[in-house]
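Peer 1: Sequence unavailable; structure follows:
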């Protein structure tokens with residue numbers, strides 16, 4: 001894999017790392033264009049932290065190559081790589097002022113005093129804290145401390161900024177606010193951000209591209225929209241966003257294939273990958289927000305319709321859901337459905353009967369591989 005004339009800030013080529021018989025990172029390759037916000041998303045133990053440590057230089061890969069601005073980083077110490085890193089625990093120096101915290105790396109480099117003053121003032125302006133230089137970190141809010149930690153890295157003008165779950169220690173409301181601010185900061189500075197997270201919302205909201213990692217490998221690298229609407233593997237379909245997963249058997253292939261669920265129920269869906277032969281076992285994925293809960297007095301003229309009974313109401317404002325059971329004649333089929341916020345649904349109660357409906361395009365099926 002070569003970069004040709006396109007400027008890639010970071011490239012990995014078949015990177016592998018093994019620990020005591022466990023393949024933590026297994027042949028990972030990717031390229032990140034200059035100025036991108038790139039996230040590596042995956043569950044605990046998938047290998048993302050090991051990969052991050054190799055990018056930073058804290059671990060050496062067993063094989064493969066890591067290149068920054070076209071230059072191999074193999075054998076290059078962490079402090080000699082053109083990157084910086086923001087950790088979950090920000091490690092600001094409590095006895096130093098904000099300005100001295102931001103200036104710390106420049107002073108270590110021996111940068112001239114006037115240049116330090118100018119660059120610190122500039123970066124504080126760009127992170128929206130121009131009047132905070134004389135404050136101590138304890139006088140800042142959690143979000144402000146986050147911005148100072150990022151400013152301390154960006155003042156050094158790295159080619160790449162690595163962020164290791166930096167929002168994990170913040171409360172929910174502040175995390176939501178900081179997702180927007182981080183994206184705006186990245187666009188303001190134009191620095192390439194590589195963001196490590198297990199939180200899909202963080203990855204989807206902020207990123208230009210997301211790599212979904214599972215068992216040491218990248219399952220799919222795509223835009224947030226591509227991952228959500230066109231997952232290429234069952235793991236991605238189940239991990240990105242919420243999905244109902246149903247065991248099915250393919251009856252008839254085609255643009256809208258016909259599948260049989262438990263109890264002989266038939267539905268139509270589209271193939272996520274190459275179609276499989278009729279008679280094959282498949283996994284069908286339908287997102288809760290794609291299913292319309294049709295009340296008894298409501299028409300339901302969608303491709304797929306199933307009769308269901310409400311089992312549980314999970315009220316969460318705009319994110320309210322219901323758990324329903326579909327009678328199949330054998331074991332019940334249990335599904336989650338997102339509720340619209342209209343007065344008609346406010347009267348819904350456990351035990352109520354309704355019809356579930358969704359369009360054929362809203363269902364994706366994969367060959368059953370045990371994934």
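Peer 2: That came in fine, so what should we check first? Here the structure is a predicted model, which is why all the values come from computation and not from measurement.
Peer 1: tell me which element residue 49 falls in.
Peer 2: helix 48-56 (DSSP states H and E).
Peer 1: how far is that helix from where the chain is centred?
Peer 2: 17 Å (CA atoms, centre = their mean, to the nearest Å).
Peer 1: And it, what does it pack against?
Peer 2: strand 8-19, strand 22-33, strand 37-41, strand 83-86, strand 160-164, strand 192-197 (3 or more CB pairs under 8 Å, 6 or more residues apart in numbering; DSSP states H and E). Heads up, the C-betas are built off the backbone N, CA and C, glycines and all.
Peer 1: Check which element follows that helix along the chain.
Peer 2: Downstream of helix 48-56, the next assigned helix or strand under DSSP H and E is strand 63-68.
Peer 1: Give me the sheet partners of that next one and which way each runs.
Peer 2: Neighbouring strands of strand 63-68 in its sheet, by DSSP bridges, are strand 8-19 (antiparallel), strand 71-72 (antiparallel).
Peer 1: most packed of the ones you listed?
Peer 2: strand 8-19 (a mean of 19; mean count of other CB atoms under 10 Å).
Peer 1: can you pull up the bridge partners for the closest residue to residue 221 other than its chain neighbours?
Peer 2: Computed as CB to CB, 6 or more residues apart in numbering, the closest residue to residue 221 that is not its neighbour in sequence is residue 211, at 4.5 Å. Under the criterion DSSP bridges, residue 211 forms beta bridges with residue 40, residue 221.
Peer 1: what about the helices and strands packed on helix 48-56, which gets the closest to residue 369?
Peer 2: Closest to residue 369 of the helices and strands packed on helix 48-56 is strand 22-33 (CB to CB; 17.6 Å).
Peer 1: Please list the outside residues in contact with stretch 101-112.
Peer 2: For stretch 101-112, the external contacting residues (CB atoms under 8 Å, 6 or more residues apart in numbering) are 84, 92-93, 96, 115-116, 119-120, 123-124, 133, 137, 148, 151-153, 155-156.
Peer 1: Could you list which of those belong to strands?
Peer 2: The strands, defined by DSSP state E, take in residue 84 from the contacts of stretch 101-112.
Peer 1: ok, back up a step: tell me which of the strands paired with strand 63-68 approaches residue 265 most closely.
Peer 2: strand 8-19 (44.8 Å).
Peer 1: what's the spacing between the closest one and its chain's center?
Peer 2: 19 Å.
Peer 1: Could you list the low-pLDDT ranges of the stretch 151-300 of the chain?
Peer 2: 275 (pLDDT under 70).
Peer 1: Which parts of it are helices?
Peer 2: Under the criterion DSSP state H, counting those that start in this stretch, the stretch 151-300 of the chain contains helices at 172-189, 200-206, 224-229, 234-239.
Peer 1: thinking again about what came up before, surely the residue nearest to residue 221 is in contact with residue 218?
Peer 2: Yes: in this structure residue 211 lies within contact range of residue 218 using CB atoms under 8 Å: 4.8 Å.
Peer 1: tell me the SS of the closest residue in space to residue 272 that isn't next to it in sequence?
Peer 2: In space, and not counting its chain neighbours, residue 272 is closest to residue 364: 4.3 Å by CB to CB, 6+ apart. The three-state label for residue 364, taken from DSSP: H, G, I helix; E, B strand; the rest coil, comes out as strand.
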